[in-house]
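[1] Need coordinates for the below:
(one chain, ligands or ions: 2)
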Amino acid sequence: MSLSTNKMFYVSWEAFHRATKELAHQLLGKNYTAIVAVSRGGLVPAAILARELNIRVVDSICVASYEHDKQGSLRILKDASIEDSEQLLVVDDLVDTGETAKALREHFPKACFVTVYAKPQGKPLVDHYITDIEQDTWIQLPWDMELAYSKPLADK
Ligand SMILES: O=P(O)(O)OC[C@H]1O[C@H](OP(=O)(O)OP(=O)(O)O)[C@H](O)[C@@H]1O
Ligand SMILES: [Mg+2]
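    Ligands and ions are numbered 1, 2, ... in the order given. Prediction:
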């Protein structure tokens, strides 16, 4: 989905942390031994999950799929050095069209693929996620935003 939609779902750092901890609760006790973060969006939830689940082996796969807000084909810029296994968690921030998830599932067929947010098109490709977001809504993540002054209603 491109950024042309005007429906927005704004996520604060606190909300992102809370949702990711909820994801950690779902994964607790499943004995995952390693995490691969899907860079860049998966880096933040991967750090939070690693802390909550006490996983010390954390790697990344660096991919580029969106060029200038339009979806292109997925390119692997750097692969992870961790082997695929059922004890591996592959973490991304969200699934939208599911193109990234599809490619990653092919790359790590045994691993558990998780995200914090999921839109309907990508949802079937995710093993665990926390929050449903409509397909036509753009998720504004906290690292893409900054605090800004808001005029009082009376001055608008
Ligand atoms: O389900 P899809 O339609 O494939 O979209 C989901 C992917 O898009 C975003 O990454 P993006 O490629 O924008 O790059 P970034 O993580 O480096 O910001 C997001 O972090 C997911 O990885
Ligand atoms: Mg990404």
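[2] So Gln26 sits against Tyr129, correct?
    No: when contacts are counted by CB atoms under 8 Å, Gln26 is not listed as touching Tyr129 (9.0 Å). Using the backbone N, CA and C atoms, a C-beta is placed for each residue, glycine as well.
[3] what about those two, which has more around it?
    Applying other CB atoms under 10 Å to Gln26 and Tyr129 shows that Tyr129 carries more neighbours, namely 23 against 13.
[4] Which residue, other than its chain neighbours, is closest to that one?
    Once flanking residues are discounted, Tyr129 sits nearest to Ala118: 4.1 Å by CB to CB, 6 or more residues apart in numbering.
[5] give me the beta-bridge partners of that neighbour?
    Val95, Asp132 (DSSP bridges).
[6] and it, what is it in contact with?
    Contact analysis of Ala118 by CB atoms under 8 Å, 6 or more residues apart in numbering lists Leu94, Val95, Val126, Tyr129, Thr131, Asp132, Ile133.
[7] From Tyr117, how far off is the residue most central in space within the chain?
    Using CA atoms, centre = their mean, the residue of the chain that lies closest to the mean C-alpha position is Asp93, 1.2 Å off. Distance, Asp93 to Tyr117, by CB to CB, to the nearest Å: 7 Å.
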